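Asks: Structure for the following, please:
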Amino acid sequence: MKPTVSIILTSYNKPWFIAQTIESILKQTWSEWELFIMDDHSNDVTVQLIKKYVDNPRIFYRNSFIEKENRYKTTRYATLINEAIPLTKGKYVTYITDDTVYLPNRLSEMVKHLESNPSKEIVFSSQLVKIVDRQLNCLREFKREATQVLTNAADIVDHCSVMHTRNIAEKVSEKFGTYWNEDPLYWCRGDAAFWNRLNVFQPFYPIRQVLDITYKTPHSVQTLFQHLPNNLPNGILVKGTNEEVYLIDQEKRRLITPAMFSFFKYDEKEITEIPDPLLHKYEEGDPVDFDHFPNYCLFRDEKGELYYFERYQRRKIGNSFVWGKFRFNIRKIIEVETERLKKIPLGPDLNIHPSRLHPLPEGRIYKNQVQYWILKGDTIYPIDKKVLQRLRLEQEHIELPGNVIKQYKIGDASFYAAIDM
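Replies: Okay, here's the model as predicted:
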């Protein structure tokens, strides 16, 4: 009898690819397979596409119905795989994601290799990687070559290119308590953490052929995490896989409706797309509206007085020299009734010569020599230029002499360091 291969497909909000992924499995030359589609509470469009295939007796579908606020608490695809493995029955286990397709001989080549080499329990193949834009046009491509036996496969092999025995998976579970490591620390590299566990028992054996094609889109997890900092600065606009736009404000995410987005003169170009787990790490605060002004906005009252709104207080901009020094944008001025502004506590004036009585404004980017800085309270933090570009904070920086920086506590460099993995 031919051995069965258990395929675990993890899915989340990729309607433009999911059908291709499933179709590539249906076209396999190896007929003995079962497919477990583990969907992580995708949008309706994605779910409806998946449900077109669930009448196939070899396809099993499960929806996690994970709540948004819990999404960041574990490495989600590791959690889904751990839920799937006990449901499977195959001699061999393999994986695929909703932005990857198998070539037709993918399963047959791997099974043939494992069956003819019983001492080997893990194989991986070469993989073609295609970098595509939002319209799925291929920008470039490259090949991940499978040429060497790997005793340390972490961060080298993509999990869509691997097949292993059920036997070795059970050894991992027995030793470590779970199959895959669900710690959110490994969100970008859950497969690498699992490969470390597998490599305790055996190396990865290569199959030189390209057997799968993976597509890296602007929405891919690795792309979305690229150059993001450990902590998001206040004042930036972000959105996850859904269309809702949020302002990060005082360590909370505040929803901005299209009407408020326009009123407060935000720009679509200022929005940074981030992964859902990072977005939902932040507690949801009051939505941005006329009763809850957002920080880091410019207001002008009916008398023509200009104010910068910061830390829920208004700071007066006394003259054009202050305006020019801190590089405020005249197009961002919001006209507000004097009486409404009077209800907001008055903070220290902005001064061309910053001091403890007239501190620097937050929400601006500072530079001293080659180092960029960002202010948060009484602490000034170093921040990398690549992080600034990723967060759409490429506004003109404000040159800051070293003696002004010394007036502040210097924050830990890791606070706004990139979390690239």
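Asks: So what's the residue count around Glu362?
Replies: A total of 19 residues lie near Glu362 under the criterion other C-beta atoms under 10 Å. (Glycine included, C-beta is placed from N, CA and C.)
Asks: Look up how far Ile330 lies from it.
Replies: To Ile330, Glu362 is 20 Å away according to C-beta to C-beta, to the nearest Å.
Asks: residues of stretch 113-126 that come out buried?
Replies: Across stretch 113-126, burial judged by 16 or more other C-beta atoms under 10 Å covers 113-114, 120-126.
Asks: Show the average pLDDT along that stretch.
Replies: Averaged over stretch 113-126, pLDDT sits at 97.
Asks: same question, stretch 375-393
Replies: Averaging pLDDT along stretch 375-393 gives 93.
Asks: what about it, start to end distance?
Replies: End-to-end distance of stretch 375-393 (C-alpha to C-alpha, to the nearest Å): 13 Å.
Asks: Now for the residue located most distally from the centre of the chain: which residues touch it?
Replies: What lies farthest from the middle of the chain is Lys303; by C-alpha atoms, centre = their mean that is 44.7 Å. The contact partners of Lys303, by C-beta atoms under 8 Å, 6 or more residues apart in numbering, come to Thr338.
Asks: again with the one 3 residues further on
Replies: Taking C-beta under 8 Å, 6+ apart as the contact definition, Leu306 lies against 298-300, 316-317, 323, 333.
Asks: For it, give its distance to Glu335.
Replies: Leu306 sits at a distance of 11 Å from Glu335 (criterion: C-beta to C-beta).
Asks: do Gly402 as well
Replies: From Gly402 to Glu335 the distance is 38 Å (C-beta to C-beta).
Asks: From the buried residues of stretch 113-126, which land in strands?
Replies: Among the buried residues of stretch 113-126, the members falling in strands (DSSP state E) are 122-126.
Asks: So His159 sits against Leu198, correct?
Replies: No: taking contacts as C-beta atoms under 8 Å, His159 lies outside contact range of Leu198: 10.7 Å.
Asks: Show me where this structure dips below the pLDDT cut-off.
Replies: Along the chain, the parts satisfying pLDDT under 70 run over 420-421.
Asks: center of it - which residue?
Replies: For the chain, Pro275 is the residue whose C-alpha lies nearest the centre (C-alpha atoms, centre = their mean; 2.6 Å).
Asks: what's near enough to touch it?
Replies: So Pro275 contacts 187, 221, 224-225, 228, 240 (C-beta under 8 Å, 6+ apart).
Asks: ok, which pair from the buried residues of stretch 113-126 is furthest apart?
Replies: Glu121 and Ser126 (19.6 Å; C-beta to C-beta).
Asks: Could I get the full set of helices for the stretch 101-250 of the chain?
Replies: Shown for the stretch 101-250 of the chain, the helices assigned by DSSP state H, counting those that start in this stretch span residues 106-116, 166-176, 190-199, 221-225.
Asks: want to throw the ones you listed into a markdown table with distance to Gly285?
Replies: Formatted as a markdown table, the helices of the stretch 101-250 of the chain follow (distance: least, C-beta to C-beta, whole Å):
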| stretch | distance to Gly285 |
| --- | --- |
| helix 106-116 | 47 |
| helix 166-176 | 38 |
| helix 190-199 | 30 |
| helix 221-225 | 23 |
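Asks: now, of those helices, which is deepest in the fold?
Replies: Burial of the helices of the stretch 101-250 of the chain is given as mean neighbour count (mean count of other C-beta atoms under 10 Å); helix 190-199 ranks first at a mean of 21.
Asks: Burial check on Arg314, number of neighbours?
Replies: When neighbours are defined as other C-beta under 10 Å, Arg314 has 23 of them.
Asks: How about Gln250?
Replies: Per other C-beta under 10 Å, the neighbour tally for Gln250 reads 13.
Asks: again with His227
Replies: His227: 15 surrounding residues under other C-beta under 10 Å.
Asks: if I read this right, it contacts Ala418, doesn't it?
Replies: Yes: under the criterion of C-beta under 8 Å, His227 makes contact with Ala418 at 5.0 Å.
Asks: where do the contact lists of those two overlap?
Replies: Contacts common to His227 and Ala418, judged by C-beta under 8 Å, 6+ apart, are 384, 386-387, 390.
Asks: sorry, back to before: and for Leu306 and Glu335, which residues touch both?
Replies: 299-300.
Asks: What are the phi and psi values at Lys252?
Replies: With angles defined as degrees, to the nearest 10, Lys252 sits at phi -130, psi 160.
Asks: show me what contacts it?
Replies: Counting by C-beta under 8 Å, 6+ apart, Lys252 has contacts 282-285.
Asks: Run through the bridge partners of the nearest residue in space to Ala146 that is not next to it in sequence.
Replies: Excluding the flanking residues, the one nearest Ala146 by C-beta to C-beta, 6 or more residues apart in numbering is Pro206, at 3.8 Å. Bridge pairing for Pro206 (DSSP bridges) gives the partners Phe124.
Asks: What is the burial count for Pro206?
Replies: By other C-beta under 10 Å, the residues close to Pro206 number 19.
Asks: and what of the one 4 residues further on?
Replies: Look at Val210: counted by other C-beta under 10 Å, it has 17 neighbours.
Asks: Let me see the contact set for the closest residue to it other than its chain neighbours.
Replies: Among residues not flanking Val210 along the chain, Ser126 sits closest, at 4.6 Å (C-beta to C-beta, 6+ apart). Listed by C-beta under 8 Å, 6+ apart, the contact partners of Ser126 are 143-146, 161, 206-211.
Asks: mind checking the SS state of Lys89?
Replies: Taken by DSSP: H, G, I helix; E, B strand; the rest coil, the conformation at Lys89 corresponds to coil.
Asks: Looks like it contacts Glu34 (just checking).
Replies: Yes: at 6.7 Å, Lys89 counts as touching Glu34 under the criterion of C-beta under 8 Å.
Asks: Those two: which is more packed in?
Replies: Taking other C-beta under 10 Å, Lys89 and Glu34 do not tie; Glu34 has more neighbours (17 against 8).
Asks: Could you verify that that one is part of a helix?
Replies: No: assigned with three-state DSSP, Glu34 falls outside any helix and is strand.
Asks: Give me the distance between the closest residue to Asp155 other than its chain neighbours and Asp55.
Replies: Using C-beta to C-beta, 6+ apart and skipping residues adjacent in sequence, the residue nearest Asp155 is Ala192, 4.9 Å away. Look at Ala192 and Asp55: by C-beta to C-beta, they are 36 Å apart.
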